[in-house]
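Colleague: need coordinates for the following:
(one chain, ligands or ions: 1)
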Amino acid sequence: MMNEIQSGTFVNIGDPLRMEEQYLGKNDSTYVEDGKVCAAISGILKVNESERTITIENTTSTNEIVPKHGDIITGEVYMIRKSSVGVRIQTLNQKLVMDLGLIGNIHVANVSRSYVDKLDNVFQKTDMIRAKIIAQRGKEYSIATNAPNLGVITSTCKYCGKEMQRKGKGQSICPFCNHYDRKIMANDFGDPVEVLKF
Ligand SMILES: [Zn+2]
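Modeller: All right, here's what the predicted structure looks like:
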């Protein structure tokens, strides 16, 4: 029997991790030697007991990406609460960071320079927004859309799914069914610079 290193522990290159007959080393982070799955890279050992698989997550690449105050993100609105909007961050300073699972929250006070009464009047789920990071709390970030270059950058009609267009100040319209919505729009609404389709 070998001494099993616990999942979640930092391992070094060459460390024997599990017996090959019991676990499958996934991707290129492990190799097999003398019937043992060993670490091919240093990083955090992840053992999936139900799938009987092993991977090592090298934290170097994600640690290089540390969102900081003033950075610009884009992301998708996934939740609208009474006083804040939840956003899944997709790009950070125009680099794709979707796989990091970063979450942004826009508090109602940071939505606009004008007064906003109800957040579901000016945002809808699936809206793509651009925002600025103003504070961090764990893996979540406080973000703000209260500047002209910030706010919703693309939105689809909630009735027919077509791309909404700018109608006037704070108004967007569906060219297909004429549905219109109030919206906190960035000044390049409908034609943003970021890569948004993956
Ligand atoms: Zn429509």
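Colleague: point out where the protein drops to low pLDDT.
Modeller: 1, 59-64, 195-198 (pLDDT under 70).
Colleague: domain parsing for it?
Modeller: Domains of the chain are assigned by automatic domain parsing as 10-62, 72-182.
Colleague: compare these and give me the one nearest the ion.
Modeller: In terms of CB to the ion, the element of the domains of the chain nearest to the ion is domain 72-182, at 3.1 Å. (C-beta placed from N, C-alpha, C; glycine too.)
Colleague: end to end, how far does that closest one reach?
Modeller: Start-to-end span of domain 72-182 (CA to CA, to the nearest Å) is 23 Å.
Colleague: can you check stretch 16-35 too?
Modeller: Note: stretch 16-35 ends 10 Å apart using CA to CA.
Colleague: circling back to that earlier point, could I get the domains of the chain as TSV with mean neighbour count?
Modeller: Output for the domains of the chain, formatted as TSV (neighbours: other CB atoms under 10 Å):
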stretch	mean neighbour count
domain 10-62	15
domain 72-182	17
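Colleague: out of those domains, which is closest to residue 194?
Modeller: Relative to residue 194, the nearest member of the domains of the chain by CB to CB is domain 72-182, separated by 5.0 Å.
Colleague: that closest one close to the ion?
Modeller: Yes: looking at domain 72-182 against the ion by CB under 5 Å from the ion, the contacts come from 157, 159, 160, 174, 176, 177, 179.
Colleague: name the nearest of these relative to residue 127.
Modeller: For those, the nearest to residue 127 is residue 157 (11.5 Å; CB to CB).
Colleague: so that closest one touches residue 164, yeah?
Modeller: Yes: counting by CB atoms under 8 Å, residue 157 touches residue 164, with 5.8 Å between them.
Colleague: what is in contact with those two at once?
Modeller: Common neighbours of residue 157 and residue 164, using CB atoms under 8 Å, 6 or more residues apart in numbering, are residue 174.
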